[in-house]
Structures are given as C-alpha cells and as structure tokens.
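*Asks:* Here's a sequence, model it:
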Amino acid sequence: MKNLFTTLIFSLITSYAYAQIDIIHPPNWWVGFETQNLQLLVKGNNISEYEVGIEYPGVDIKKIHKADSPNYLFIDLQISNSTLPGTFKIEFNKGQKKLTHNYKIENRRNLSQQNEGFDSSDVIYLITPDRFANGDYSNDIIKGLKENKIDRKDNYARHGGDIIGVTQNMDYIKEMGFTSIWLNPVLINDMKEGSYHGYATTDYYTPDPRFGSMDDYLEFSEKASQNGIKLIKDIIVNHCGLYHWWMDDLPFNDWLNFQEIYLKSNDETIEKNTVYSNHRRSTIQDIYAAEVDYRGMLDGWFVPTMPDLNQRNKFMSEYLIQNSIWWIETLNLSGIRQDTYPYAEKEFLSNWAGRIMEEYPKFNIVGEEWSYNPIRIAYWQEGNNNKDGYKSNLKSTMDFAMQKAIFEGIYEEENWNTGLIKIYENLANDFYYADPKSLLIFNDNHDMSRIFTQMKEDVSKTKMAVSLMLTLPRIPQILYGTEILMEDSAKPGDHGLIRTDFPGGWKNDKSNAFTGYNLENSQLEMQNYLKTLLNFRKNSKAIHEGETLHYAPKDGIYLLSRKHEDEIVIYIVNKNDKSVNLDTDRFIEIDANGKIFTDIHTDKTYKWSGKIQIKNNSSFILTNK
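*Replies:* Presented below is the predicted three-dimensional model:
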C-alpha cells in the first residue's frame, strides 16, 4: 500500500511537472484594431486535452481548434473595441488539473493609426547590424546558442555589431541626411553558422540576444522617432530557420512545404533530401506555366537550413499576419521590407498586405522581386491592372530593373544601344507602373556587389550613379558604407565581404567613419559629397513629388529635370573625357531660360541660357532655389 501511495504521489507530481504552457503567441495584444479577431497559438504538453475558459468583459472565445499535434491549441478570440485594457486569465482545465496564463491587452499607441510610411521624400539607410557597430560587448557570445564565437577575420562569422551600436550612432545617420533605417533582420537565428545575417528566424517574437534585448530594440525605436527617422523592419514569411522552436513538434501535417521529406531527414541527411525551389518566378504570372513548375517555384526550399513555410495552412497564414501587426504596433514602425516576395503564396501576400494596410492606412511595405523585367515588377504593385485580376495591396516593389539600367548606363561605353540609353529607355517604362514614384531604387544592397566595386573603383562613375539614383522619381535606398566607398573587389559578389564592418564601429579600429578619423581623402570627399546631396534632397519638393522631364542621351550627355511649382532641379551627366559646352536651347521645355541655378556641391552659379560648360566625366545637380 505504501508503494502504491508513493507511486500515485509521484505520478501526480509528474503530471503537474509536465502540464505547463510553453508558448502563447502573440504574447500580448491591443484594443482598437479594425479587425477585432485574435487567434492565439498555444503550445504545451497535451494541451489539446484541456478545456479553455476566459472571463473578461469584452473578450469572448469564438472557437477552439485542435491541431494534428496534441501539444497545440489555436484559440479564436473576439476583442470588442469597448474592452478596457488590462490583464485577464486564460484558464486551462482537465479534471483536477488547472493551468492559468495571464494575458495582457493594451490600448494602441496614440499615434499608431497614423504611422507615416516611407515615401519618395525619404532616403533609406540599409544596415547589416552585425557589421555596423558593436555597442555592447557583453552580448557578443550568449551561452546556450549554437553559434557562440566572434571572429572578425571570418566574413561569415558573427562580428558583434548590435542594435545598441546603431542607436549610439543615430546622430551620424541623421546628420548624413538619411531619413529612414532598414535593418537586416534582428530576430533570433539560433543556427549553427551564418547566423549574423538574420534570415533564418528561429522565433518570430524574440530579438536575437546577440543583437540586444527587447528593451534595446524599443530604445532604438524611441531614439529614431525622436530624431525624425522612420524604421523599416525586414520580415520573412517565406521561410524560417531549421532550428525554429516548432520544428521538433510541428502543429499540422502541412505546416511546411515538403514536410514529409523533412520528417524523414536529420542534420546529416537534410541537405541530400532537400527539394529546392526551381526559382522560376515567371510562373507566377505565366499564363502558360505548367502546374509542376508553378508549385516547384513556391514549395521548394531555398536552402536546407531554411524550411519553406506553407501559407496555404490558414493557421500559419494568421500567425504570420498577426506577427507583422504585432511588430508594427510594438516598435511604431513606418514600413516593412518583405524578403523574397514572390516565393510565398500570392493569395496569402494579398491578404497579409491588405490586413496591414487596413490597420495602418499610411504605412508602406516594399516587396523584394528580384527581376529585371518591369512587367513582372509592376505585377506586384497595388493598382496594377493585372490580366488575372490579382490585387496585391503592396504599395512598393524593388526596382531591380532600374538598378541594372543605372549600372549599365554609367559603366558601359556610349553607343546606339549601350550606355546612357539604358537609363533613358528604362525610365520610359514608367507608364506601365501604377505608381512609379513608390518604387524603391538602389545602386546596390546587402546581396550584390557594392556600387564602388561595380564601377571598378572609379569614384567619378560612382558619384554619377548615386546622384542619379537620388534624383529619380523613386524612393532611394543606400547601403551602409557607400558614403565611404566600401567595396568587395577582392571577391566581387561575396556576401560576407559585401557586408564588411563599418570602420569605427569597434574599439581600436584603425579608422573611424563616424568621426572621419584616418579615412582616406577619397573617402572623406565621397562622404561629404553624399552628405551635401542627401541634406539638399531632404528639403527638395521638386525631387520628392515634382514632375519629371528627361531628354534622350546625346553625345555622352543625359539630362533629367524635376519641377515642383517654382522649384527646378536639373541633373546632368557628362561621360565624355572632355568638358562640353552644352547648348541649353534644346532643353526649352524645362522652362528654365534666363533663370539662375546653383551647383549644390560647388555653389557655382549658372545662368540657364546660351551654352554652359559641363565638366568631363562627371555629374552635377543644379537648383534654382
């Protein structure tokens, strides 16, 4: 009898020890959204065997869903807009067993409904946090994480940069003239290697502690807001990291694409077994595409360490949508950059973007469609008249077509169909876009060779490309380090090298780009050049929203003007080895005749009449203001 009593007590203790709530996502919520429904993901040992109860005025349980795994529940709540903020108990009952979880709901931020999205008045500074500045050396190595070393000599190891490092250098970013910051992902990537880049998320609600805490993230957001700088969060809904917490116990049998193959694999066999995406993005729009190719594009994995998420599962879809809204509200974001846009289910993407824009009408989202075909880029933009009737709800897409045209236009020799004509012809495609000024333009980013390397380390050509990009009717983005001519020439296109450490971000760096210490003259000159241009652009309505007029390239010269009311800005590039006397009579439609213009970099003045001298191998920007 004594042994039986002991066994019963042990069993009771054991059952209580294993009966616990491991995860509830989202971890908290708000009152006052247009959509009053909230779906909670609950994970706990055999939690599906429990009854669920909530008693809180304005909060009602609408439905409870069991998953294929017994360790999950999905709870549909309705939160009335009259609900008072506070904390309520979610009770889980199974006979004599009882579990409780305190869940907090708050009022939305006072100004959150008015989140101003990034637009053509902004210039976005793209930062890889691990490579920008190390503001807290104590978080470089976190015990228990799979990658636990710092090695700045290894381009693919962690280097120690963090959120605090960006926050500490906010004044530099503001003084340079940048108005928005896009950080590469900073959520936890508990991966064995390569975790620095952030694109293999292992928990969608937790910052990587090597980048900092949630408090660090909130402080970063607050300081950005105080400095009038908008924040853009890099989000990935197509895939997660191989060691995401749910990978050991997937909620549903269709939570992932090719889930059955993953379940038959282990760390040693996953690479051999992985079914890769065919990357045929054209199948999304191709009216002749075979279904096997279409699904091969969407369902295949990028790499073995990034499982492909199945957004056709309605619970996965809702989880990802609510996660994005949670981060917007938590950090007071102004925008989202959605990674690998066409690789997720397009119906999901329409719903995802639509739900966000419903809650934040002034918000902005840019999707990454790495295509050089303007027709394919335009397909994803809100307002485009797509033949298949698809409505994307996406304000902005990345203009890879113009990026390529600027590079080729500046770099190539001038001929009938090479050189500057590439820029002219590509800009002529703007008639096809629903809103060309909302496209995001760039010379480079964290995934491609830096512009200085593209231009074979030619400073003049780099200036031509950057200044044109900043003058076009677009939203410009600049990769950190462009201002000091950072390059990847030793191994062009190598991702680890592209994302080189920003000098001055670490103690004992030999040079410091934040202060100018020990930079080469060419770096200082480029930094000042870009700073002048960015701060001019910040106050130029003509560039933000003005009408655009451009002239076909002729004799190695291309001219583009922007006009708003009485402000005129003129961009001119001369690719010739000799200076040119430009006859202004050809450009009468600019309506600039007789007006006085100033070169924004030299302060030299010109009267727009007759002929004006244009320096060789250079570009310059004139303003009449």
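
*Asks:* what's the helix or strand for the residue nearest to Asn373 when sequence neighbours are not counted?
*Replies:* Nearest residue to Asn373, sequence neighbours excluded (Cβ to Cβ, 6 or more residues apart in numbering): Ala401, at 6.7 Å. C-betas here are computed from N, CA, C, even on glycine. Counting by DSSP states H and E, the secondary-structure element that holds Ala401 is helix 400-411.

*Asks:* Check which element follows the strand or helix carrying Tyr558 along the chain.
*Replies:* When elements are assigned from DSSP H and E, Tyr558 belongs to strand 557-564. Later in the chain than strand 557-564, the nearest helix or strand by DSSP H and E is strand 567-574.

*Asks:* Can I get that next one in CSV, CA atoms only?
*Replies:* Provided in CSV are the C-alpha atoms of strand 567-574 (Å, rounded to 0.1, in the frame of the first residue of the first chain):
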residue,chain,number,x,y,z
GLU,A,567,11.5,74.9,-57.9
ILE,A,568,13.5,73.3,-60.6
VAL,A,569,16.2,70.7,-60.1
ILE,A,570,18.4,69.6,-63.1
TYR,A,571,20.6,66.5,-63.2
ILE,A,572,23.3,66.4,-65.9
VAL,A,573,25.8,63.7,-66.5
ASN,A,574,28.7,64.0,-69.0
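
*Asks:* May I have the strands that pair with that strand, each with its orientation?
*Replies:* Within its sheet, strand 567-574 is paired with strand 557-564 (antiparallel), strand 618-623 (antiparallel), according to DSSP bridges.

*Asks:* Tabulate the ones you listed (CSV), appending mean neighbour count.
*Replies:* Supplementary listing: those in CSV, determined by neighbours: other Cβ atoms under 10 Å:
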stretch, mean neighbour count
strand 557-564, 21
strand 618-623, 21
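
*Asks:* Mind checking the ones you listed for the one nearest to Met526?
*Replies:* When these are compared for distance to Met526 using Cβ to Cβ, the nearest one is strand 618-623, at 13.5 Å.

*Asks:* Run the chain-centre distance for the closest one.
*Replies:* For strand 618-623, the distance from its own C-alpha centre to the chain's C-alpha centre is 31 Å (Cα atoms, centre = their mean, to the nearest Å).

*Asks:* Touching that strand from outside, list them.
*Replies:* Outside strand 618-623, the residues that touch it by Cβ atoms under 8 Å, 6 or more residues apart in numbering are 460, 463-464, 467-468, 471, 533, 536, 540, 542, 567-574, 597-602, 606, 614.

*Asks:* Out of those, which end up buried?
*Replies:* In the contacts of strand 618-623, burial by neighbour count holds for 463-464, 467-468, 471, 533, 536, 540, 542, 567-574, 597, 600-601, 606, 614, counting by 16 or more other Cβ atoms under 10 Å.

*Asks:* shaky segments in the stretch 1-150 of the chain?
*Replies:* 1-19, 111-113 (pLDDT under 70).

*Asks:* Could you pull out the strands in it for me?
*Replies:* Taking DSSP state E, counting those that start in this stretch as the test, the strands found in the stretch 1-150 of the chain are 21-25, 28-31, 37-44, 51-54, 59-66, 72-79, 86-94, 97-107, 124-127.

*Asks:* Fine, thanks again, bye for now.
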